[in-house]
Structures are given as structure tokens and as C-alpha cells.
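[1] Pasted the sequence and its predicted model underneath.
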Amino acid sequence: MSEVSTTVATICQTLNARIAVGEFSADGKLPSERALSEQFSTTRITLQEALGQLEAQGVIYRQVRRGWFISPPRLIYNPLQRSHFHAMAQQQGRDAHTEVIDSATVPLREDLSQKLALPSGSEVYRIRRLRYIDGRAVLYCEHYLNPAYFAGILEADLTQSLTGLYAERYGIRYGRVRFDMLPTLLSQEAAAMLKVTYGSPALFITRVNRDQHDRVIDCDLEYWRYDALHIDVEAL
């Protein structure tokens, strides 16, 4: 093992141990890269390699222009459970909130037309939201709704659960759902919303929902921080 590799391994082990005993500040922020490189008597390049390895393991994460932070516990997500985001977080003792970026009527993209069973260019409702766990943005989501089933929904409070809004206002409940999950790199827009570096790894989930009458009602495009989610599925 080279001297640099040994140094990187030592930094990783030491920071892991310091994180485990709660040495760092209450908000989980690590010292600056300059301070850490001085503490370990190493170059910034070597330190950054160690930090990158810890980031890949989900131990720490970097926020643009703010520095490095300790990663909070991942949210456990079982796609087979029909629980919405806020309820899922609450069940795990986490604090969740949702920010609406915008909502509008837009022409349907060609790549989504088959998913929504509508012709390309048809008018659909698009709702873009940013979702937080314990104050950290973890999910950028684009919802595409068939407007035939949701008249006036863009005027509603869209920070709440769409699942609850569908049921209470429109009498619509989820039926069948199709999930497609792929590792990907964040787009420039998603990265900016999540305050991470453009091209950072993410989990991309496409979800196509049907209602109790088996009608396709919406399609969700979800970009999750890769270190925020733990997929846990148990099938009988």
C-alpha cells in the first residue's frame, strides 16, 4: 500500500471514530478542509480523497458553499407500503416538510406520454416539490397529473400529502403502482435544488400510479440523495 493510500485509510478510520463518539458540532458540520488537512498533517488533495471515500460510504455529505456534514440516518423506504412521505418519516421519528417549487399546466413530454397513457403534447399538471428530512433537502420530485381527474388542484395547498388531497377532495385512492428505480447522476436542476454538486450520485425513482378504478392518474419522477434512502422490501 502506498504512503498516500495509508494516509487516506488513516484519515477515514480516525474521522469515523470521531464521528461515532459525537465529537463534532451539534449541527453535524465538520471542520473546514484547511483545518482538517492541518490536523492530519497532509495535503488538501489527500484529505479530499479521504473525504470522498467517506462520502461514497454515506458517512458524510458535502453541501455546496457550506462544507462537509455528518450524514443523518437514512430513511427506510418500502415501496410495497402505501404510506406517503410525511407519514413514513413520522413513523420513523423523523421531521419532514415539503416546499413547493412551482406548479403549472404544461405540455406533456414525449418520454412521459406512454407512462400517463396520454398523447405527447397533451396538457397536464406539473407540480415540482422539494422534500426535507430533519431540515435537509433529500428529495426533488416532479409530479405529472392527468388534469381530467384533478380539476382545480393547482390552487390547493400542495405542501400537504397528495395522497391525502386526492382522497379528501376527489375521492381518489391509489390502486396499482409501477416502480422503476435506477442509480443516476443528478441533473443540474436537481443538484441545485438539493444543494449538492452537479453530477452527484442519486437514486432515480419513476412511479406510475393508478387509482381504485385502474385509471392512470399520475406519474412521479423522484431524485433522492443517494445517502438519504434505504430501500427495504419484504414480500410474502
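    Structure's in. What do you need?
[2] And the helices in this protein?
    For the chain, the helices defined by DSSP state H cover 3-20, 33-39, 44-56, 85-91, 110-116, 162-170, 188-194.
[3] Which among these is found nearest to D214?
    For D214, the closest of those is helix 110-116, at 14.2 Å, according to C-beta to C-beta. C-beta coordinates here come from the backbone N, C-alpha and C atoms, glycine included.
[4] For that closest one, name the packing helices and strands.
    On a contact count with 3 or more C-beta pairs under 8 Å, 6 or more residues apart in numbering; DSSP states H and E, helix 110-116 meets strand 201-211, strand 216-225.
[5] wait, A89 sits on S83?
    No: applying C-beta atoms under 8 Å as the test, A89 and S83 come out as separate, 9.5 Å apart.
[6] Neighbour count for those two, which is higher?
    A89 (20 against 15; other C-beta atoms under 10 Å).
[7] Return the distance of the residue lying closest to the more buried one once chain neighbours are set aside relative to D134.
    Spatial nearest neighbour of A89, chain neighbours left out: A96 (3.6 Å); criterion: C-beta to C-beta, 6 or more residues apart in numbering. Distance, A96 to D134, using C-beta to C-beta, to the nearest Å: 8 Å.
[8] Those two: who's more crowded?
    A96 (20 against 15).
[9] What separation is there between that one and G171?
    26 Å.
[10] Also L182?
    33 Å.
[11] Equivalent analysis for C141, please.
    24 Å.
[12] between these two, who's got more neighbours?
    C141 (22 against 10).
[13] Can you mark which positions in the lowest-mean-pLDDT helix or strand in the chain are buried?
    Here the helix or strand of the chain ranked lowest by mean pLDDT, DSSP states H and E is strand 60-63, holding a mean of 83. Within strand 60-63, the residues scored as buried using 16 or more other C-beta atoms under 10 Å are I60, Y61, R62.
[14] and if you look at stretch 9-19?
    I11, C12, L15, I19.
[15] I'd like those as JSON lines, with distance to T163 appended.
    Listed next are the buried residues of stretch 9-19 as JSON lines, based on distance: C-beta to C-beta, whole Å:
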{"residue": "I11", "distance to T163": "44"}
{"residue": "C12", "distance to T163": "41"}
{"residue": "L15", "distance to T163": "40"}
{"residue": "I19", "distance to T163": "36"}
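[16] Any regions of this structure where pLDDT drops low?
    Scanning the chain for pLDDT under 70 picks out 1-3, 25-26, 236.
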